[in-house]
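Chemist: The following block contains a protein sequence and its predicted model.
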Amino acid sequence: MKRAFQVGLAVLLFGLALYPTMASGYGIRFMLQLFMWVALAQSWNLISGLTGYVSFGHVAFFGTGAYAAGILVTTHGWHWVPASLAGGVAAVILALLIGYPCLRLKGPYFAISMLGLNEVMRVLVSYFEGLTGGGSGLSFPTQPASVQIYYAMALSALAVTGAAYFIITSRFGLKFMTIREDEVAAEAMGIDTARYKLGAFVLSAFVPGVVGGLFARDTGYIEPISVFALIITITMIVMALFGGKGTVWGPVLGAVTLFVLQELVWARFLFFYQILFGAIIVVVVLLMPRGILGVLQQRYHLPRTI
Amino acid sequence: MQTRPILEVSGVTKRFGGVTAVNRCSLSLARGKIYGLIGPNGSGKTTLFNCITGLERRDEGEVRFKGGRIDGLKPHQVARRGIGRTFQIIRVFPELTALENLLVVTQGPFEAARRRAEELLRFVTLDRLQNEYAGNLSYGQQKLLEFVRVLMTDPELILLDEPAAGVNPTLLNELLAAITGLRDQGKTILIVEHDMKVVMGLSETIFVLDYGEKIAEGPPGVIQADARVIEAYFGR
Ligand SMILES: Nc1ncnc2c1ncn2[C@@H]1O[C@H](COP(=O)(O)OP(=O)(O)OP(=O)(O)O)[C@@H](O)[C@H]1O
Ligand SMILES: [Mg+2]
């Protein structure tokens, strides 16, 4: 069973690696956006699914990465690859600055503080026009680089899923999960919860920053309302919840299912898609708060590594 | 030569708003002995544990462990110095397995930790359930799991907050034997317990709290006959 899964996974990865050589431009851009959502949902899972600190403002890291990379590319002539990595670093710096005060807050207070962070970032970016172009946005002098961005997005999704796998399966990683399980007991057992929390937070910020930079390069144009959009946070949360937070593959499953659904339905029936999306949120919250994999896991006693 | 007490609590006071939960409390524990801490409900036993382990910050007084001040340290720092505790209200990690509950608190060589965890699970007859989520275990099983989890870090001083409550009678005897076994290995143990037979049987010295104040201290026989203690328990 495990063997079959590993073989299947290897074949899938191999297929995805070869995909750009035979796919259409549309196919490649579809897939790179899919990877982006996997990376975002999985990043959210790291802090919110595994350590239990629900972030309502994770798009702040995405937007910060997008702008950091955007500025480096447009005004400093950087190549988009190092610029996107720098976007990740910028997101990490923001996470360090904000994590220290915010992670002392519990439950809804932390969630709301993150929401506030995103609003503040959006306003700041709009305000410093000289650097960011303000409300009129930032345009990239782009030649399409979809294939390279496809691989970069895929690597990002893979890296953050690998991090989730490591956390869920290693003794060191389980320490992060004790924060979700019982922070007081973890402290009393000698686990420095403040440090692990900050670690998870920083880890969960890096990839969204990188992916933000890649997204900026891919679309060629960013503005405050597009990269600090609340709907991006909501979408990554719903994807992770739908597939199953706190598991390795839940966020992947959720992102793939909902993104494919979105492409199928949204393009044709925008209004219907919004209703469907809303309905999915309600169903997940009311009927299966553990998501698809969470439900299967409980019913069939599966390990969290599914 | 008089060796220094392993734990010295001097004049510790903790208030919650108008309530003085612990009032100028002083205790001194010698290494390698079992102590009992008793008192009516709400007399401050758990709060005193919290002040020792850093979960609550005392308002006054000081706590020394092996001679060094520990009041003011964070709970994980206190734990790292060698004080382990269990909780009155169970605090296992519900969505980690029984085995993971034990492994996660360890560092150092993994295989050694794993062997030790398996040995401890066998000891509390939870070995068959090692891959079960802790949250799915019965109350008594969770209580035992929490007890062995504290042993994983090999603390020198162990604070047990009602370890016997809810544990079935057959396992209870083993639990009591384990506690004396730990003492024989040189560990110091402070037990809060409502079951008088249990505390009186185990402890060499008992401290009695009432309204946050220590009203008596002594061997079980003396405590049972102490007028103030009898009044605290039955007099009102
Ligand atoms: N966090 C808190 N906030 C306010 N009051 C508290 C808090 N914790 C404890 N108290 C109060 O402090 C007093 C001592 O409580 P504590 O839990 O230490 O008693 P206890 O001796 O452990 O009781 P029990 O035998 O019922 O466990 C009680 O009056 C309790 O209501
Ligand atoms: Mg108590």
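Modeler: Looks like it arrived, so ask away. Ligands and ions are numbered 1, 2, ... in the order given.

Chemist: so what's the backbone phi/psi at the closest residue to A:Gly291 other than its chain neighbours?
Modeler: Nearest residue to A:Gly291 in three dimensions, chain neighbours excluded: A:Gly244, at 3.3 Å (C-beta to C-beta, 6 or more residues apart in numbering or on different chains). Heads up, the C-betas are built off the backbone N, CA and C, glycines and all. Phi and psi for A:Gly244, reported as degrees, to the nearest 10, are phi 130, psi 100.

Chemist: A:Gly244 - how many residues pack around it?
Modeler: 29 (other C-beta atoms under 10 Å in any protein chain shown).

Chemist: what does chain B put close to ligand 1?
Modeler: B:Phe16, B:Val19, B:Ala21, B:Gly39, B:Asn41, B:Gly42, B:Ser43, B:Gly44, B:Lys45, B:Thr46, B:Thr47, B:Gln88 (C-beta under 6 Å from any ligand atom).

Chemist: Relative to ligand 2, how far out is the first one?
Modeler: Right, the one you point to is B:Phe16. B:Phe16 sits at a distance of 14 Å from ligand 2 (criterion: C-beta to the ion, to the nearest Å).

Chemist: And for that residue, the neighbour number?
Modeler: By other C-beta under 10 Å, neighbour count at B:Phe16 equals 11.

Chemist: Residue in chain B with the shortest distance to ligand 2?
Modeler: Closest residue of chain B to ligand 2, C-beta to the ion: B:Thr46 (3.1 Å).

Chemist: what's the nearest residue to the closest residue to ligand 2 within the stretch 201-306 of chain A if we skip its chain neighbours?
Modeler: Proximity of the stretch 201-306 of chain A to ligand 2 (C-beta to the ion) peaks at A:Gly246, 31.4 Å away. Of all residues not flanking A:Gly246 in the chain, A:Gly49 sits nearest, at 4.2 Å (C-beta to C-beta, 6+ apart).

Chemist: coming back round to it: export the residues of chain B next to ligand 1 to JSON lines and append columns for secondary structure.
Modeler: As requested, these are exported to JSON lines (DSSP: H, G, I helix; E, B strand; the rest coil):
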{"residue": "B:Phe16", "secondary structure": "strand"}
{"residue": "B:Val19", "secondary structure": "strand"}
{"residue": "B:Ala21", "secondary structure": "strand"}
{"residue": "B:Gly39", "secondary structure": "coil"}
{"residue": "B:Asn41", "secondary structure": "coil"}
{"residue": "B:Gly42", "secondary structure": "coil"}
{"residue": "B:Ser43", "secondary structure": "coil"}
{"residue": "B:Gly44", "secondary structure": "coil"}
{"residue": "B:Lys45", "secondary structure": "helix"}
{"residue": "B:Thr46", "secondary structure": "helix"}
{"residue": "B:Thr47", "secondary structure": "helix"}
{"residue": "B:Gln88", "secondary structure": "coil"}
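
Chemist: Neighbours of residue 3, how many?
Modeler: You didn't pick a chain, so chain A it is. 7.

Chemist: wait, chain B
Modeler: When neighbours are counted by other C-beta under 10 Å, B:Thr3 comes out with 8.

Chemist: Look at it and tell me its secondary structure.
Modeler: coil.

Chemist: list the contacts for it?
Modeler: For B:Thr3, the contact set (C-beta atoms under 8 Å, 6 or more residues apart in numbering or on different chains) comprises B:Ala30, B:Arg31.
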